[in-house]
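Trainee: Here's a sequence, model it:
(one chain, ligands or ions: 1)
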Amino acid sequence: MSRREDFRDRALVQELARRLQGLAVGPVTLMEVCGTHTMAVARFGLKALLPPGVRLVSGPGCPVCVTDQGDIDAFLALGHLPEVILATFGDMVRVPGSTTSLEEERARGAAVQVVYSPLDAVELAKRRPERQVVFFAVGFETTMPATALALKSAAGEQVDNFSVFCVHKTMPQALRALLTCGEVRVGGLLLPGHVSTITGTAAFDFLPREFGLPCAVTGFEPVDILLGVEALLRQLKEGRAEVANAYPRAVGREPNPRAVALLQEVFAPAEATWRGLGRIPASGVTLTPAYAAFDARRRFAETLAAVPPPRPRACRCGEVLRGVLTPPECPLFAAACTPSQPQGPCMVSGEGACAAAFKYGS
Ligand code: SF4
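Mentor: Predicted coordinates for the structure are as follows:
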C-alpha cells in the first residue's frame, strides 16, 4: 500500500476491527500519546471498533497543550514592548494565559503575526528591520529541525532583529516522567509517528525495558492506528513488551542522522516545564552558544524577569494530558469551555483532546 486512500480503505478497516475482536485481552487502557492520533481516532470513530474493555485515552503529545502557562505569560509579556512583533503558529493565538491571550493582546494593539513556518518569521524580520521579531518555537522533535534551519538562516544572513522564544520539548523524557508519576495506569502506548521519524523507534526502547509496557509506533490513518492497536493487544495477549513499528513506511529503528546533526548544532538539552507534568530535566532544549545571541530569553531577560508567576485557572487540561481525566469529565467541558470560549489549550489546539471530543464526540 502506498496511497493515503489505501490506509483509509473501509474493507481493510473492517477486517482489522474483526482481528482486534479476536485479540480481546480483558479490560485495558491504552494511551495514544500524540495529539494527531487523538484527532484521527475521534475523526474516524475508531474507539467504536475496539474490543469490549479496551479503552483509548489521550496523552501529552499535543505541543500547544503541553506548553506551560508561565511560558505563555512570558511570551505575551514581550508583546507589551513597542518594538516587538510576536510571531506564532495559528494554534497558539487563542490559548489563554493567566489573564489574556495573543488574540486579546492583538485586539489591544500588540503586534501579533501568524506564520506558517519559522522561516516565515525570519523573512518577516528581514522585511521589518526596525522591529524585533520573536518567534514562539513550540513543538516536539518533529518541528525542531524547522526552527534550527530558521536559526541557521538568521545567523548566516545576520538577521539580528530575529530571536526565538524556545519552548520546544522532547518526548522520551516526558513519557518517563508520566509513567513514574504514579498516577497513570496504562497497559500500552501508541507512540508518535512524526516524532519517531526523527528519533527512530530505538529512542523508546526504555519503555518496555523499564516499565514492561507494550508499545507501537504508528502513523495517522485509520489502518495505521488499528495496526498499532493490534500490535499492542497481541503483545498483551502473548505477555510480551517491545516497541513494534507499525509505521515502517516512514520510521526506522535508528534516528535520522541529518536531523540529529542539525539539532545538535543548534540545540542543547535543558529542563522544560510541561503543563500537567511540571519541570522535567532534559525534556526541552536551549540554544547552543553559537546561536545564543538569537535566544529571546537572553535578549529580553529584563522584561521576562518581571513577569509574575502564572495564576491558577479552573482548567483541568493537566489531568487530560496525563490521561487521568477524559475531556467530558472536566466540569467545564462544553459548558464554560467551548471552542469559541476556550478555558484551556486542549479545547483550542487543532490536536487537543477536548477539541477532538467536542467536534467529533468522545
Ligand atoms: S474542557 Fe476546557 S477547561 Fe476542561 S480540560 Fe478541556 S480545555 Fe481544559
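
Trainee: going forward, measure contacts between C-alpha atoms and count neighbours the same way
Mentor: Will do.

Trainee: which other residues reach stretch 95-103?
Mentor: Residues outside stretch 95-103 that contact it (C-alpha atoms under 8 Å, 6 or more residues apart in numbering) are 69-70, 72-73, 76, 92-94, 112, 310-313, 342-345, 348-349.

Trainee: same check, this time on stretch 353-362
Mentor: Applying C-alpha under 8 Å, 6+ apart, the contact partners of stretch 353-362 are 35, 38-39, 42-43, 45, 58, 320, 327-328, 333-334, 338-339, 346-350.

Trainee: next one: stretch 68-75
Mentor: The set of residues external to stretch 68-75 that reach it, using C-alpha under 8 Å, 6+ apart, is 86, 97-98, 136, 165, 167, 273-275, 304, 307, 309-310.

Trainee: The ligand contacts on the stretch 251-362 of the chain?
Mentor: Proximity of the stretch 251-362 of the chain to the ligand, by C-alpha under 6 Å from any ligand atom, involves residues 315-317, 320, 327, 330, 332-333, 337, 342-347, 354.

Trainee: and the contacts of stretch 353-362, which of them are in helices?
Mentor: Under the assignment DSSP state H, these contribute Gly35, Thr38, Met39, Ala42, Arg43, Val320, Cys346, Met347, Val348 to helices.

Trainee: and the residue of the stretch 151-300 of the chain at minimum distance from the ligand, how many neighbours does it have?
Mentor: Relative to the ligand, the nearest point of the stretch 151-300 of the chain is Gly276 (10.7 Å; C-alpha to the nearest ligand atom). Burial of Gly276 is recorded as 20 neighbouring residues (other C-alpha atoms under 10 Å).

Trainee: Hmm, Arg322 and it touching each other?
Mentor: Yes: contact criterion C-alpha atoms under 8 Å: Gly276 and Arg322 qualify, at 6.6 Å.

Trainee: Val33 belongs to a strand?
Mentor: Yes: counting by DSSP: H, G, I helix; E, B strand; the rest coil, Val33 falls inside a strand.

Trainee: got the contact list for it?
Mentor: Contact analysis of Val33 by C-alpha under 8 Å, 6+ apart lists Ser58, Gly59, Pro60, Gly61, Leu189, Leu190, Leu191, Pro192.

Trainee: any chance of those in a markdown table, plus secondary structure and pLDDT?
Mentor: A markdown table is the format used below for those (DSSP: H, G, I helix; E, B strand; the rest coil; pLDDT from 0 to 100):
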| residue | secondary structure | pLDDT |
| --- | --- | --- |
| Ser58 | strand | 94 |
| Gly59 | strand | 94 |
| Pro60 | strand | 94 |
| Gly61 | strand | 93 |
| Leu189 | strand | 98 |
| Leu190 | strand | 98 |
| Leu191 | strand | 97 |
| Pro192 | strand | 96 |
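
Trainee: Now these in JSON lines, please, with extra columns for distance to the ligand and neighbour count.
Mentor: Listed next are the contacts of Val33 as JSON lines, based on distance: C-alpha to the nearest ligand atom, whole Å; neighbours: other C-alpha atoms under 10 Å:
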{"residue": "Ser58", "distance to the ligand": "12", "neighbour count": "28"}
{"residue": "Gly59", "distance to the ligand": "13", "neighbour count": "28"}
{"residue": "Pro60", "distance to the ligand": "13", "neighbour count": "30"}
{"residue": "Gly61", "distance to the ligand": "15", "neighbour count": "28"}
{"residue": "Leu189", "distance to the ligand": "21", "neighbour count": "27"}
{"residue": "Leu190", "distance to the ligand": "21", "neighbour count": "28"}
{"residue": "Leu191", "distance to the ligand": "22", "neighbour count": "30"}
{"residue": "Pro192", "distance to the ligand": "21", "neighbour count": "24"}
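
Trainee: Looking at those residues, which one is closest to Arg131?
Mentor: Nearest to Arg131, judged by C-alpha to C-alpha, of those is Gly61 at 33.6 Å.

Trainee: what sits opposite that closest one in the beta ladder?
Mentor: Per DSSP bridges, the residues bridged to Gly61 are Cys34.

Trainee: That one contacts Gly35, correct?
Mentor: Yes: applying C-alpha under 8 Å, one finds Gly61 in contact with Gly35, separated by 5.0 Å.
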